[in-house]
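> this one's structure only:
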């Protein structure tokens, strides 16, 4: 029974990972990478790729937008998801219908959503520009042509895309909260607001911690939205780490450098993931024991 | 409006009824909510639902407009001047039915990824759930870490491996690439699921003479069907939606999957939005239907694995 583990681990996880790390120390490019018929011809160049990346202005810029992208997105995913979940958790007519409609952004394949939004942002005949024009904005912005508006546009699309998952997961969390606790709080005279903060929110904590971690990682790694809507442009304004690494590899054909980007991205995620879990575990002990 | 006019099963209705009342009063079945609170709630939900559905609605509506109306209409026209299906016939028949080829490629790749990936993941997850072996901890941590892998770190090495295997532009190469991302995630989810199955059932099976694989296949798998369904669905969606690997591994238009093929409709300088909208509708409608059926299990599966980890 251990054979599958060995195969899966070895071939699918470790081998590519090790190969990626090794490539990151080479000058592999489109001429030296080799294939089945041509042997590879790249050389070991030490940590030059890492030095180049970390000292470049690209790195700073990409890191900056990656952070904004990740935190703004997850903030809105969680806040809007929570508000919708709390609303849907009340007894309300057509609850099932609302829930289903609100889940549509999650149900649509993400590459289709990206195209749909690109269609809406299209300048000047896209829906959004036409709408703004009708509302009296004489010269509506080219959402994908202006660096600042493009950032706004990709974030808005991704917020739209990510809310339903949070909503549904948090709704599940809300329904799992023991009603006796809420009843007991009411009997003790807690206001609705107190019950929400002191009973509901702590009860949601395990689910919230998990979905926020998942959300941060997924958003950080999100490739489709930016790649398909702006391609990282205009002028690299909307590049985040995954799209920029992709560009290094498959536009500039600098495979060694792209591999180094990959290793850097992974290290950042590792540091982040470990500290997050540690923080959660620690604050959990304080709350519950 | 009375608050008990929607029939909900007992357990859940308790949660709903007592939910988080904005009015401060404890909700009891039969008690009415102030009319303006209802109005506010419904107004909010309708607004949110409109935003959620609009892009899909807009694509659907636009797919029935002709090219001129889509790209040059200077005023906001929601309804098509003249409903027509020529966009659909163009998409389905143009260039020697290339769209159908892409659809087929996508289906085959997603199906193979799912079958191979779930099989590998299930057996591996079972080992993790039931056996303690040297390197157990590090191996498990490694799987957790791979969940954080951006495609970015695997893009170059996997591309490199596939070049050297001579699998460029072939479905097998793409399936291999997708397994590297889908399998670790599925292992993690399924391990959480297998952990909840009492081991005594398997011990009973062993006493009755089942081999280790027999116990797995005849006892664990049937009991884990909901969990397996989730991973099945998850791998399928992952492969169906994937853009980055497909973009680099597929180089001729006959071998494209849908996410790559559809990009050819909207090249920067020659956007065929009318074709894009029709193609998008064809791809989306079945996906949405399947999703709405499967999502219940997906959510509980995702959070269950995660919470237990």
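Looks like it came in fine. Remember, it's a predicted structure, so these values are computed and weren't measured experimentally.

> Tell me where the model's unsure across chain B.
Along chain B, segments meeting pLDDT under 70 span B:1-32, B:72-76, B:144, B:146-151, B:268-270, B:296-309.

> what ranges do the strands span in it?
Ranges of strands within chain B are B:266-267, B:270-271, based on DSSP state E.

> which helices and strands does the longest helix seen in chain B pack with?
Determined from DSSP state H, the single longest helix within chain B is helix B:86-130. With contacts defined as 3 or more C-beta pairs under 8 Å, 6 or more residues apart in numbering or on different chains; DSSP states H and E, the packing partners of helix B:86-130 are helix A:3-7, helix B:136-146, helix B:171-195, helix B:225-241, helix B:258-263, helix B:273-308. In short, each C-beta sits where N, CA and C put it, glycine included.

> Now mean neighbour count and distance to residue B:44 too, for these, in TSV please.
As requested, the helices and strands packed on helix B:86-130 are exported to TSV (neighbours: other C-beta atoms under 10 Å in any protein chain shown; distance: least, C-beta to C-beta, whole Å):
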stretch	mean neighbour count	distance to residue B:44
helix A:3-7	16	49
helix B:136-146	16	38
helix B:171-195	24	34
helix B:225-241	21	30
helix B:258-263	24	34
helix B:273-308	19	22
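
> wait, doesn't residue B:174 sit right on residue B:109?
Yes - using C-beta atoms under 8 Å, residue B:174 is in contact with residue B:109, at 5.2 Å.

> Mutual contacts of the two, please.
Common neighbours of residue B:174 and residue B:109, using C-beta atoms under 8 Å, 6 or more residues apart in numbering or on different chains, are residue B:257.

> Of the helices and strands packed on helix B:86-130, which is nearest residue A:124?
The closest of the helices and strands packed on helix B:86-130 to residue A:124 is helix B:273-308. By C-beta to C-beta, the value is 13.5 Å.

> Residue A:108 contacts residue B:289, doesn't it?
No - in this structure, residue A:108 is not within contact of residue B:289 by C-beta under 8 Å, at 11.4 Å.

> ok, back up a step: for the longest helix of chain B, the distance to its chain's centre please.
The chain centre lies 12 Å from the centre of helix B:86-130; the measure is C-alpha atoms, centre = their mean, to the nearest Å.

> So, low pLDDT: which residues of chain A?
For chain A, the stretches with pLDDT under 70 are A:1-2, A:4-5, A:8, A:284-289.

> Spatially central, which residue of it would that be?
residue A:219 (0.4 Å; C-alpha atoms, centre = their mean).

> what comes up buried for whichever strand or helix holds that residue?
Using DSSP states H and E, residue A:219 sits within helix A:201-221. Judged by neighbour count using 16 or more other C-beta atoms under 10 Å in any protein chain shown, the buried positions of helix A:201-221 are A:203-204, A:206-221.

> Need the phi and psi values for residue B:211.
phi -70, psi 170 (degrees, to the nearest 10).

> what about it, distance to chain A?
Per C-beta to the nearest C-beta, to the nearest Å, residue B:211 is found 10 Å from chain A.

> and if you look at residue B:167?
9 Å.

> Would you confirm that that residue contacts residue B:160?
No - the pair residue B:167 / residue B:160 is not scored as a contact, 11.6 Å apart, by C-beta under 8 Å.

> Which one of those two is surrounded by more residues?
Taking other C-beta atoms under 10 Å in any protein chain shown, residue B:167 and residue B:160 do not tie; residue B:160 has more neighbours (22 against 18).
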